[in-house]
Structure formats: C-alpha cells, structure tokens
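> Everything below, folded, please.
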Amino acid sequence: MTAPLRWTAEHLSGLAAGDVDRAPVIAASDVSRVDAALDVWDAWPLADGRGAPVPWRGGELWFALTAPVLDDPEARHGVARIHHYHRQNGAFLPLGPTFADGFTPGSREWSGSARCDEAGRVTLLFTAAGERGERALSFRQRLFAADTMLREASDGAAFGAWTNLRELVAPQGEFYLSGHDASGRAGEIKAFRDPALHRTAQGEEYLLFTASSARSDSAFNGVIGLARREADGRFRRLPPLVDASGTNNELERPHIVAHGGLLYLFWSTQRHVFAPDIFAPGIAAPTGLYGAVASGIEGPWTLLNGHGLVLANPVCEPFQAYSWWVLPDLSVASFVDYRGLDDSAAIAKPAGRAHFGGGFAPFLHLALDGPRAGLAQARS
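Prediction:
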C-alpha cells in the first residue's frame, strides 16, 4: 500500500478558481416520503459483488436509516433503526425494520452496506452505535455484520432469520482513534462507522470505513479507514486511504466504484466539519460528494478534479441533500435534508422540522473521465 492521500487546504484552494457542479434544486414535489410517521436518510442497496443492486421481485431491495418524526430532526440519530424497502419504478415501498428488537448490540443502528452472493446469502454490514440498555446515549461505534438468506418468493418476508452477528474489526492500534464513546455535538464526535466492502478483480476483500486518526492532535482528524481480509477470515487494519487531518473531521460513507478500468473512491462531507482556518478568501468547501481515483486500491490515489469535490448542493439550497451513494451505473442516491434554509444555525431551531425532508431524493447521474468527475444529468 502507498502512503495515504493527504487532503489539505492547498487542494481545496482549487475550488476558488474552478467551476463547481451543482445538483438541481429539489422541489417539494420531488420529496419522496414513504411513511408520514418516519424520517428516512442514509440509504444503500442490497448489492452484488460489483456493488450493483440485486434484482428482486421486479425491483430492488434498499436499506436506510429511519426514526420516528421528532420535533428536532437532529435527534433522529439517537433512535435510528435500519429498515428495508422494495424499490420499483423509482418508488420505495416500506417493508419494515430489518432486525428484530434486541438483535443488534448498540442502542441504535447507523449506516453500513449490504452484499448478496450468487447463492442468495445476504451479509448486512452496519454500525452499532452506543450500548444496548445504556441510560445516556454514548457515541461508541463498532462495525458489525450479520447474515441471512434472501427469499425470492413473490410473497412473504424478504429475508430469513438473521444469524452470525459478529464484529468485523476494532479501532485499537496505531492508525485509528478508539476514543469515540463520549457525548458530543453532531459533527464533532470521533468516528468508527459506515462499513463498506470492496472486492478486487483478484478476489481480495477490503473493508472501508469512516474513522478518526490516532496520529493527529487536530480536532479535525477525519480519515477513510481500510482493513484487508486475511486467510483466516479476519480483517487486519491497514493505514487509511485518505487522511484529512487538519482539514476535515468526517469523511462519511466511503465506498468504491469500478469504472473504465479505474477505481473511484467516494465520500460525503458537510461544510461545517471542515476546519475553520481552511476558509481562505475564495475557498467554499461546500457540503457535497467528494472523491479520488486510482488504478488499484493500493494507490496512489488522486483527488478528483484536483480538489476532490464532485458535486454540491445548489447555492440557493446548500443543505437540500446529503449522504450520496454512487452505483456502478453512475446513478447516485441521497436523501432530502433541509430545504429552504441558507443558514446552518436555523437547523437547530424549532423551524428546522418544517424544512427537513426526511425522504429519498431524486437520483442523479455522474460522468467520469479519468481524474475528472461531475454531474451528468438528473435522473429519477
């Protein structure tokens, strides 16, 4: 493996001189709420080994984080559960909670990914946040997986019983900070979450995740972590793929898409988790989808477009969508975040509820050409 890609303010200075691809404005009619009683965010498909959605009952299966509609949408992270959905003709049909109550070891469930092999065995990777039964919410994060079988029959449940609950890898070691169990405000807590698999053409399997550097004293020490599955089936921690220490605190939901003989690494991040001192005149560093490209997972990795930004929300709607997930056909899923707000301070106020989308956003589509990446067109 080569040294991690260091993402710095110098890279972001390129945003001052270049054009930024902006997603179309999401209209009220574009907000796809599937249940009036539930907010939905952070979605991912049941995918094959390439990361493409697996066909199922005339559509696809998707997972997403959900929470009851609360007065403060930001409180949803404290009660999040994974649900699954049947996507047909662009619409999402709710199928209910994925895991039975008490199955997972945390006080709530956070984002992950899912794979299905040719025999129909499903492996769902997820983040167990907090501790089951804790009185006060903590931010301990652990990477877990569980298995089941996909049911193809046209009626009944999508999955059989979930089994083989197991922890994938722990943060202890020289690379990844293990101290993320304290309380804190959103955007400031330390990370060990968002597991996603990548299988190379040679059959090697890697695990990507959002983490915090154990080697940096900066309050902004986000990294994209990496581990490799060894012959004994266990994952061994490797140095991070991307190190944003001193630049950004959270490089969320990392995943890799193979396209045109190259590997494209994508992650989402928000403006408020960039270090304040990077914002020299002309540097925007907006909430958006960011990425890097390499010929192989071993690197070296190069930031897309020279600065990393692939697409951002519209200038007039800087918070309208978040948590972008790129599929092998280059379509992009996300959720509707806050519409009609141009001030992040308003999110924490009671008015935030009226502006929170809490549903699936219209799919977008990317165009990739070597080290260049941007938005091709809106797509439903």
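> How far off centre is stretch 145-159?
Centre-to-centre, stretch 145-159 and its host chain are 24 Å apart (Cα atoms, centre = their mean, to the nearest Å).
> Check what contacts it and list those residues.
By Cβ atoms under 8 Å, 6 or more residues apart in numbering, the residues outside stretch 145-159 that reach it are 46, 54, 56-57, 61, 84, 86, 95, 98-99, 103-104, 116, 120-126, 160-166, 168, 195. Glycine gets a C-beta too; all of them are placed from N, C-alpha and C.
> one more time with 7 Å
The contact list for stretch 145-159 (Cβ atoms under 7 Å, 6 or more residues apart in numbering) reads 57, 61, 84, 95, 116, 120-125, 160-166, 168.
> and what of stretch 242-255?
Contacts of stretch 242-255 (Cβ under 7 Å, 6+ apart): 4-9, 42, 111, 113, 187-188, 191, 194, 196, 208, 210, 213, 216, 218, 220-224, 265-269, 273-275, 278, 292, 301, 323, 325-326.
> quick one on the thing from earlier: out of the contacts of stretch 145-159, which are buried?
For the contacts of stretch 145-159, a burial check counting by 16 or more other Cβ atoms under 10 Å picks out 61, 84, 95, 116, 122, 123, 124, 125, 162, 168.
> and the spatially closest residue to residue 335 that is not a sequence neighbour, what are its bridge partners?
Excluding the flanking residues, the one nearest residue 335 by Cβ to Cβ, 6 or more residues apart in numbering is residue 41, at 4.3 Å. Taking DSSP bridges as the rule, residue 41 bridges to residue 65.
> Can you give me every residue that contacts residue 41?
By Cβ under 7 Å, 6+ apart, the contact set of residue 41 is 64, 65, 323, 335, 358.
> now do 8 Å
Neighbouring residues of residue 41 by Cβ under 8 Å, 6+ apart: 64, 65, 66, 76, 322, 323, 335, 337, 358.
> per-residue confidence at it?
Listed pLDDT for residue 41 reads 98.
> So that it lines up with my notes, have the first residue be 283 from now on.
Understood, numbering begins at 283; the last thing we discussed is residue 323.
> before we move on, back to that, which one of the contacts of residue 323 is nearest residue 313?
Nearest to residue 313 out of these is residue 640 (Cβ to Cβ; 8.3 Å).
> so what's the backbone phi/psi at the nearest residue to that closest one once chain neighbours are set aside?
Of all residues not flanking residue 640 in the chain, residue 321 sits nearest, at 3.4 Å (Cβ to Cβ, 6+ apart). The phi and psi values for residue 321, taken as degrees, to the nearest 10, are phi -90, psi 150.
> can you check residue 616 too?
According to degrees, to the nearest 10, residue 616 has phi -160, psi -180.
> Could you do residue 588 as well?
phi 80, psi -30.
> correct me, but it touches residue 299?
No: using Cβ atoms under 8 Å, residue 588 is not in contact with residue 299; the gap is 9.4 Å.
> which of these two has more neighbours?
In terms of neighbours (other Cβ atoms under 10 Å), residue 588 is the more surrounded of residue 588 and residue 299; the figures are 16 against 9.
> which residues touch that one?
293, 296, 300, 653.
> looking at those residues, which has the most residues close by?
Of all the contacts of residue 588, residue 293 has the most neighbours under the rule other Cβ under 10 Å, reaching 20 neighbours.
> That residue falls within a helix, correct?
Yes: per DSSP: H, G, I helix; E, B strand; the rest coil, residue 293 lies within a helix segment.
> dump the residue contacts of the residue lying closest to it once chain neighbours are set aside.
Closest residue in space to residue 293, ignoring its immediate chain neighbours: residue 589 at 5.0 Å, by Cβ to Cβ, 6+ apart. The neighbours of residue 589, taking Cβ under 8 Å, 6+ apart as the test, are 293, 294, 295, 296, 297, 300.
> which one of these sits closest to residue 512?
Each of the contacts of residue 589 was scored against residue 512 by Cβ to Cβ, and residue 293 proved nearest at 33.3 Å.
> Do I have it right that that closest one meets residue 591?
No: using Cβ under 8 Å, residue 293 makes no contact with residue 591, being 9.6 Å away.
> I'd say residue 449 and residue 423 touch.
No: using Cβ under 8 Å, residue 449 makes no contact with residue 423, being 11.3 Å away.
> Out of the buried ones among the contacts of stretch 427-441, which two sit at the greatest distance?
The distance between the two most remote of the buried ones among the contacts of stretch 427-441 (Cβ to Cβ) is 25.1 Å, for 377 and 450.
> mind listing the helices for the chain?
For the chain, applying DSSP state H gives helices covering 291-294, 634-637.
> Most tightly packed of the ones you listed?
When you average the neighbours per residue for each of those (mean count of other Cβ atoms under 10 Å), helix 291-294 leads with a mean of 18.
> what residues does that one touch?
Contacting residues not belonging to helix 291-294 are listed as 528-529, 556-557, 559-560, 562, 565, 567, 585, 588-590 [Cβ under 8 Å, 6+ apart].
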